[in-house]
Structure formats: C-alpha cells, structure tokens
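J.: what follows is a predicted structure for the sequence shown.
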Amino acid sequence: MASVEITIDKDKLQHLFGSSDGFRHIIEQAVNKMLKVEMSEHLRADPSERSDERMGYRNGHYSRSITTRVGTLHLEVPRDREGTFRTELFERFQRSEQALVLSMMDMVVQGVSTRKVKHITQILCGREFSKSTVSQLCKGLDEQVNAFLNRGLNDVAYPFVIADAMYCKVRHNGRVRSTAVLMAVGINEEGYREILGLEVSMKESTQSWGTFFARLRERGLSGIDFITTDQHLGLVAALREHFPGATWQRCQAHFIRNVMDSVRPEAKEKVMALLKQVLYSESPETARRAQEHFREELELIAPKAVAQLEEAFEDVTAVLSLPEKYRRRLRTSNMMERQIEEVRRRERVIRIFPNEASARRLIGALLNERHEAWMSGRLYLNMQTYNDYKTKQDILDQAAAAA
C-alpha cells in the first residue's frame, strides 16, 4: 500500500486536549483517509489523475458507522462506477473490537462486572444491553469465528508448525479459574503463515493437547515435518502421539532461560557465550564439538548447566538439520509468543471472561484478524530451498531403506 500522510486540523487537536471525544475524531479521520488510499490503489489512479493504468472512476461514497472503544466512527466509504471496490480495512478492525465490546457486555448482563466495567460499557455502547440483545449480537460474530476455526486445512501441506499456550481468567460455575488457551501456527508449503486453530481448555495437559491436535488432523492438517514448542511434557507427549514422523525442536529461547536460571551470577556471561556457540553452530557436528567444549569449560563452575545441555542437546539443536535460511525463524516459538502478547493487550481490558465462549470469541476474532493480514501479505519463507532439501532427503531415505 502507498504511504499515507494524515493531517489533523488545528481545532481537532484543541478538541483532543479538551475532550476524550477528540480521539474518536482523529481515528475517524485516519480511517477515512485510508479508505481513499485503498480506492486509489484499486483504480490505480488518484482523483483527477490522468494515467494509462487507470482501471475505473470514482462514484461518490456511502456512509457507514462502526462502534469502537473510542466511540462510533462515521465513515465515508468510496464507490466506483463499476461497483467492484470492496474494502476490508475497517471490517477486520471492527471484528476484534466487536468481540471486545461483546465480552464486556456479557460481563454486565451476567452480573459479574464491577461498576467501573459497567460504566465503560455504557460509554462504549451508549446504553445497557439485555441478555437477548447480547445473545443476538454474539451469534453473528460467533458464526464468523467458528467458520474460521473450523475451516478445512486439506488444500495445502504445512511443513512447519509452532504451538504454544497462554492462560487467562475465566469464570466456571461461579468460580474464577486460570484457563489454558492452546494455539498453533503453521507455515504452509507456499511459505505463508496461517493461524491453524485454538482450543480453550481447563488445563494444559497431554489429553487437552491431544484433543487439539486430533481436531486439527480431522480438519485436514498434514505434511508436518518440523514442530517447534516449549518443553511442556503434556504438549511433547501429544506431539509424539499425533505427529510421530515430525522432528521436534525445543524452543531455544525457553531453554536458554531455563539454563541461565540455574547459573550463579558471576558465571552467567561465560555460560551464555558458550551456550550460543552450541545453539548457533553451522552443523550438528560443530554443535557437538561446541557442546564438548561447553562441558570442559563449565563442569566445575556450572554443573547444572552442563547437565541440562547434555540432556536436551538433540532437541535444542534439531533445527541444525534444516537449511540455514530457515533456522532463525524456527529455532524458537517467538512468533507464537508475539501473537500471544497481541492477545494479552486486549485481554487485559476484560481481566475475567464470564465464560469460555466469551474467551473463544475474543481470542478467535483477534487470531482471525492476524491470519487475514498474514495471508494477504508477503511470503514469510521462500520454500524452494526447503523443497530441494526434502527431495534429497527422500532419495537418501529410500536408498537407506533399500540397503
């Protein structure tokens, strides 16, 4: 998309400092500007611009309002003469905003919110909502989220998968409980990232992860070659049961934190330097030599770190079997951690979900938004080198089996 310059009127800035409604005016102005830019890109020409690449002409606009946390935005959506222009800019934006507002309304209706939350809801929505109204509003968003989370995955293979979990507070039978939200991201054979799914569960266990992975397989998830996760025992056990042929990479970021927690302060710098030599080696063979050097240098001053690396060596260096260009993005679960942090940013506003459906609705809407941005954006990984690598590996495996 072309770069956008957004100017704000002087009186709007003065209004901003005099009233919270100024935030709404600024966001409204910015979104309307982005809609005009989208139309210019659709027509391949700015207003009144003479261009051989022009694909059509403008035909005024229509008004549309969307509700956000800063109030109702009044938008002027451009039209073209042929009626081919469609924008998803504010629709994606509103989906997650709507989920947030609905979760807060849910809290009010069920009588579990504080006066502060009720006050916020009245500001956002302009009135209180009945249980039937909330149910009707939730139904439409639930249909979108369910369609996304239950979509088929059998059109392409997913060589790389990253899985992780976050915890949020959910009310169960009148009691607030820490509840696990299991999530997985896949990188498909074309090199695009996809949100594969999520599962809200009372706890993170072999059974809950197993149920999650079984449902992904039922939806058509296949072609998995390499999986990156932390060392949660239930997660690892479920992976080995449901994806027995895949290589497991233990997240190096989690492993480094575990090792450094066992090291005395005065030895941390040396341990970190030697540990990176192992994890960032050029090949499994050089990593093994670096691991031996790690043991020789640290067995007296950091014996726990030496034992940890010895036990986990194969799992934390599994990524070295891949071509070098793929290692940086697959050696940790940081990509998943970043998505969790984005969810946290919205989830903190809710604090306590009134039920699992509310948690699934908000988190599912946020992940749907992220998924669409990934699929309409640029490639995450160029898979040609990986495909060549796999072809060679298959030939070697066939030769070994024949021998």
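T.: Noted; the coordinates are in hand. Numbering: from 1, shown residues only.

J.: the closest residue to Ala253 other than its chain neighbours: what's it in contact with?
T.: Leaving aside its sequence neighbours, Ala253 sits nearest to Thr332 (Cβ to Cβ, 6 or more residues apart in numbering; 4.2 Å). Heads up, the C-betas are built off the backbone N, CA and C, glycines and all. Applying Cβ atoms under 8 Å, 6 or more residues apart in numbering to Thr332 gives the contacts Thr228, Cys251, Gln252, Ala253, His254.

J.: please report the distance of Thr332 from Ala287.
T.: Between Thr332 and Ala287 the computed distance is 16 Å (Cβ to Cβ, to the nearest Å).

J.: who touches the spatially most central residue of the chain in this structure?
T.: Central residue of the chain (Cα atoms, centre = their mean): Gln339, 3.4 Å from the mean position. For Gln339, the contact set (Cβ under 8 Å, 6+ apart) comprises Met183, Val185, Ile195, Leu367, Arg370.

J.: which element, helix or strand, includes it?
T.: Per DSSP states H and E: Gln339 is located in helix 334-350.

J.: CA atoms only for that helix, dumped as PDB, please.
T.: Provided in PDB are the C-alpha atoms of helix 334-350 (Å, rounded to 0.1, in the frame of the first residue of the first chain):
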ATOM      1  CA  ASN A 334       8.900 -16.400  19.500                       C
ATOM      2  CA  MET A 335       6.500 -15.900  16.600                       C
ATOM      3  CA  MET A 336       3.800 -17.500  18.700                       C
ATOM      4  CA  GLU A 337       4.800 -15.500  21.700                       C
ATOM      5  CA  ARG A 338       4.300 -12.300  19.800                       C
ATOM      6  CA  GLN A 339       0.800 -13.300  18.900                       C
ATOM      7  CA  ILE A 340       0.000 -14.100  22.500                       C
ATOM      8  CA  GLU A 341       1.300 -10.700  23.500                       C
ATOM      9  CA  GLU A 342      -1.100  -9.100  21.000                       C
ATOM     10  CA  VAL A 343      -4.000 -11.100  22.500                       C
ATOM     11  CA  ARG A 344      -2.800 -10.000  26.000                       C
ATOM     12  CA  ARG A 345      -3.100  -6.400  25.000                       C
ATOM     13  CA  ARG A 346      -6.800  -6.800  24.500                       C
ATOM     14  CA  GLU A 347      -7.400  -9.500  27.100                       C
ATOM     15  CA  ARG A 348      -6.100  -7.300  29.900                       C
ATOM     16  CA  VAL A 349      -9.100  -5.000  29.400                       C
ATOM     17  CA  ILE A 350     -11.500  -7.800  30.100                       C
END
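
J.: distance from it to the middle of the chain?
T.: 8 Å (Cα atoms, centre = their mean, to the nearest Å).

J.: which stretches of the stretch 1-150 of the chain aren't confidently modelled?
T.: Residue ranges of the stretch 1-150 of the chain with pLDDT under 70: 1-23, 67-70, 89-94, 97, 100-102, 104-134.

J.: what about the strands in it?
T.: Ranges of strands in the stretch 1-150 of the chain, per DSSP state E, counting those that start in this stretch, are 58-68, 71-80.

J.: who touches the last one?
T.: Which is strand 71-80. 21, 23-24, 27-28, 31-32, 35-36, 38-39, 42-43, 56-67, 85, 87, 90, 124.

J.: alpha carbons of that strand, as PDB, please.
T.: The C-alpha coordinates for strand 71-80 follow below in PDB (Å, rounded to 0.1, in the frame of the first residue of the first chain):
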ATOM      1  CA  GLY A  71     -16.900   5.700  20.200                       C
ATOM      2  CA  THR A  72     -18.800   5.400  16.900                       C
ATOM      3  CA  LEU A  73     -16.800   6.200  13.800                       C
ATOM      4  CA  HIS A  74     -18.700   7.700  10.900                       C
ATOM      5  CA  LEU A  75     -17.000   6.600   7.700                       C
ATOM      6  CA  GLU A  76     -17.300   7.700   4.100                       C
ATOM      7  CA  VAL A  77     -16.700   4.600   2.100                       C
ATOM      8  CA  PRO A  78     -15.800   5.300  -1.600                       C
ATOM      9  CA  ARG A  79     -17.700   3.900  -4.500                       C
ATOM     10  CA  ASP A  80     -16.500   3.300  -8.100                       C
END
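
J.: going by neighbour count, which residues in it are buried?
T.: Gly71, Leu73, Leu75, Val77, Pro78, Asp80 (16 or more other Cβ atoms under 10 Å).

J.: so can I have a markdown table of the residues you listed showing distance to Arg264?
T.: Shown next, in a markdown table, are the buried residues of strand 71-80 (distance: Cβ to Cβ, whole Å):
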| residue | distance to Arg264 |
| --- | --- |
| Gly71 | 54 |
| Leu73 | 55 |
| Leu75 | 59 |
| Val77 | 62 |
| Pro78 | 64 |
| Asp80 | 68 |
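
J.: and the strands in the stretch 251-400 of the chain?
T.: 352-353.

J.: tell me how far stretch 350-367 lies from the chain's centre.
T.: With Cα atoms, centre = their mean as the basis, stretch 350-367 stands 15 Å off its chain's centre.

J.: then stretch 360-368?
T.: In terms of Cα atoms, centre = their mean, the centre of stretch 360-368 is found 10 Å from the chain centre.

J.: check stretch 308-317 too.
T.: 28 Å.

J.: hmm, who's touching that stretch?
T.: Residues outside stretch 308-317 that contact it (Cβ under 8 Å, 6+ apart): 231, 248-250, 252, 255, 258-259, 262, 275, 278-279, 281, 284, 287-288, 291, 294-295.

J.: among these, which ones are buried?
T.: Buried among the contacts of stretch 308-317 (16+ other Cβ under 10 Å): 248-250, 252, 255, 258-259, 275, 278-279, 281, 287-288, 291, 294-295.

J.: how much space separates Asp397 from Thr317?
T.: Note on Asp397: its distance to Thr317, by Cβ to Cβ, is 21 Å.

J.: kindly report the same for Leu274.
T.: 14 Å.

J.: go ahead and confirm Ala287 touches His293.
T.: No: counting by Cβ atoms under 8 Å, His293 is not a contact partner of Ala287; they are 10.6 Å apart.

J.: surely Lys203 is within a helix?
T.: No: applying DSSP: H, G, I helix; E, B strand; the rest coil, one finds Lys203 to be coil, outside a helix.

J.: any idea which element the residue nearest to it when sequence neighbours are not counted lies in?
T.: In space, and not counting its chain neighbours, Lys203 is closest to Ala180: 5.7 Å by Cβ to Cβ, 6+ apart. According to DSSP H and E, Ala180 maps onto strand 175-187.
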